[in-house]
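S.K.: sequence and predicted model, in that order:
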Amino acid sequence: MARYTGPTSKIARKFGEAIFGEDKSFERKNYPPGQHGVNKRRGKKSEYAIQLMEKQKAKYTYGILERQFRNLFSKANRSKGVTGEVLLQLCESRLDNVVYRLGIAPSRRGARQLVSHRHITVDGEVVNIPSYQLKPGQTIGVREKSKSLQAIDHSLSNHSNVYEWLTWNGEKKEGTFVSIPERIQIPETIKEQLIVELYSK
């Protein structure tokens with residue numbers, strides 16, 4: 001399966017929450033998509049269906065494909081910490097996610113594009129791999145030639161979220177990945193334990 005590039009509102013409605021950020025379409029129709037819409041009777045979901053839904057939500061939220069996600073889970077499972085928490089920390093440490101968290105791009109999809117098009121640097125070197133895993137202390141910045149891009153300025157001017165594990169220097173247009181975030185610092189409403197249970201079957 002290729003990466004999803006269709007309407008984000010439809011996916012947000014499927015999960016019942018605006019997983020891609022502010023969404024006016026979702027606010028108008030915050031019920032599952034489909035011909036019968038809000039009136040359709042929906043049976044009780046099985047335990048497996050609930051776990052699968054949570055995994056799909058995490059994948060869509062971070063824009064990660066199945067094989068990449070499974071690899072991240074395997075890496076988290078081999079680590080010493082709590083598997084579900086480490087899985088989310090690995091997702092949050094991806095370069096495209098940090099570019100989005102810093103406000104350089106308005107969405108993770110936009111952040112992935114900026115990284116792929118060589119607009120982003122890590123420790124002064126251009127990195128064009130969205131899945132690049134950042135380590136604490138590394139500096140993420142906008143490439144010198146790209147600092148005048150209107151899209152980046154517009155995104156930064158509309159950005160108001162502050163994360164304890166990231167710092168930002170507006171003059172230099174660069175931020176620092178200070179530390180790996182604790183679970184309580186990650187704002188996503190993902191029930192990671194359900195994902196662990198699904199992969200452990």
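M.R.: Nice, thanks for sending it over.

S.K.: check residue 30 and give its pLDDT.
M.R.: Predicted confidence (pLDDT) for residue 30: 58.

S.K.: would you mind checking which helix or strand in this structure has the lowest mean pLDDT?
M.R.: None of the helices or strands of the chain scores lower by mean pLDDT, DSSP states H and E than helix 24-28, at a mean of 54.

S.K.: okay, buried residues for the following helix or strand past that one please.
M.R.: Beyond helix 24-28 on the C-terminal side, the first helix or strand identified by DSSP states H and E is helix 47-62. By 16 or more other CB atoms under 10 Å, the buried positions in helix 47-62 come out as 51, 53, 54, 55, 56, 57, 58, 59, 60, 61, 62. Heads up, the C-betas are built off the backbone N, CA and C, glycines and all.

S.K.: now do the fifth one against residue 180, distance only.
M.R.: For residue 56, the distance to residue 180 equals 25 Å [CB to CB, to the nearest Å].

S.K.: skip the chain neighbours and tell me the closest residue to residue 176.
M.R.: residue 167 (4.7 Å; CB to CB, 6 or more residues apart in numbering).

S.K.: before we move on, back to that, now, which of the buried residues of helix 47-62 sits nearest residue 74?
M.R.: Here the nearest of the buried residues of helix 47-62 to residue 74, counting by CB to CB, is residue 55; it sits at 14.0 Å.

S.K.: give the contact list for the nearest residue to the closest one once chain neighbours are set aside.
M.R.: Nearest residue to residue 55, sequence neighbours excluded (CB to CB, 6+ apart): residue 195, at 4.9 Å. For residue 195, the contact set (CB atoms under 8 Å, 6 or more residues apart in numbering) comprises 51, 54, 55, 58, 73, 84, 87.

S.K.: confirm that residue 195 lies within a helix, as I assumed.
M.R.: Yes - assessed with DSSP: H, G, I helix; E, B strand; the rest coil, residue 195 lies in a helix.

S.K.: do you know the pLDDT at it?
M.R.: Confidence at residue 195, expressed as pLDDT, is 95.

S.K.: low pLDDT regions in this protein?
M.R.: Across the chain, residues meeting the criterion (pLDDT under 70) sit at 1-43.

S.K.: from residue 101, how far off is the residue nearest the centre of it?
M.R.: Centroid-nearest residue in the chain, with CA atoms, centre = their mean: residue 62, separated by 3.0 Å. From residue 62 across to residue 101, the span is 11 Å (CB to CB).

S.K.: again, but for residue 83
M.R.: Separation of residue 83 from residue 101 (CB to CB) stands at 23 Å.

S.K.: cool, residue 58 as well?
M.R.: Separation of residue 58 from residue 101 (CB to CB) stands at 16 Å.

S.K.: give me the contacts around stretch 61-77.
M.R.: For stretch 61-77, contacts defined as CB under 8 Å, 6+ apart pick out 1, 3-4, 19-20, 55, 58-59, 83-84, 86-87, 90-91, 94, 96-97, 108-109, 112, 131, 188, 190, 195-196, 199.

S.K.: buried set for that stretch?
M.R.: 61, 62, 63, 64, 68, 69, 72, 73, 76.
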